[in-house]
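Visitor: Sharing a model that was predicted from the sequence below.
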Amino acid sequence: MRIIYGSGNKAKIENVKKYFDANKIDIEILSLKDINFNKEIDENGKTFEENSLIKAKAIKEFCLENNINEIIVTDDAGLCVDALNGAPGVYSARYAGDHASQEETINKLLDELKDVPESKRTATFVCVLTAILTKGEVISVRGETKGSIATKPGLMGKLTYGPIFIPEKFGRVMNELTQEELGETHREKALKKLIKKLK
């Protein structure tokens, strides 16, 4: 089986491939670079589901024009903070502006939560995957990781909000946990559901 995964991010593609390999699923994953897709997609949806579907449809259209017929999988992910009515949500990647650094993004979020007590700083990491199958059927799945927002950042790098997100049952931020400690992330939970449906 071959899947076009709607990303040009090498690390993301490798993580997805690693997940399929770990679950003994023989699958070839093509990136957007592999199919020469370089169009800008206007992700103007109001939900992760809408944005993920917008991406999938744009890639499907390109594939039809270029006689490519593979399963297409796209994702949209972000952080939803309860005290901010679900923000940053679909704007997670550009919350502090299109080219803001990780530090600027985190500082903006922490600043907005400065008067919120620790008990009210609950948040959820969300990942929605959309698959368009070769005959046009659409599948959508959602994975979530519940947790809370720290009052100051921990280890920087990795996932944008990883330095301030404390997953449930842990006393440390996501970036300071090993993969073994963390278990399945929101993306992997969504992948697990998708694999079930694809089978």
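Guide: It's in. Numbering: from 1, shown residues only.

Visitor: Next, the spatially most central residue of the chain: secondary structure please.
Guide: For the chain, residue 77 is the residue whose C-alpha lies nearest the centre (C-alpha atoms, centre = their mean; 3.2 Å). Secondary structure, DSSP: H, G, I helix; E, B strand; the rest coil: residue 77 is strand.

Visitor: Spatially nearest residue to it, not counting backbone neighbours?
Guide: residue 127 (4.1 Å; C-beta to C-beta, 6 or more residues apart in numbering). C-beta coordinates here come from the backbone N, C-alpha and C atoms, glycine included.

Visitor: Whichever strand or helix holds that neighbour packs against which elements?
Guide: Element membership for residue 127, per DSSP states H and E: strand 122-132. For strand 122-132, the elements it packs on are helix 48-65, strand 71-81, strand 138-149, helix 186-198, judged by 3 or more C-beta pairs under 8 Å, 6 or more residues apart in numbering; DSSP states H and E.

Visitor: Most tightly packed of the ones you listed?
Guide: Neighbour counts (mean count of other C-beta atoms under 10 Å) averaged over each of the helices and strands packed on strand 122-132 peak at strand 71-81, with a mean of 23.

Visitor: ok, and for the next helix or strand after that one, which residues are buried?
Guide: Past strand 71-81, further along toward the C-terminus, the next helix or strand under DSSP H and E is helix 102-112. Neighbour-count burial for helix 102-112 flags 102, 105, 106, 109, 112 (criterion: 16 or more other C-beta atoms under 10 Å).
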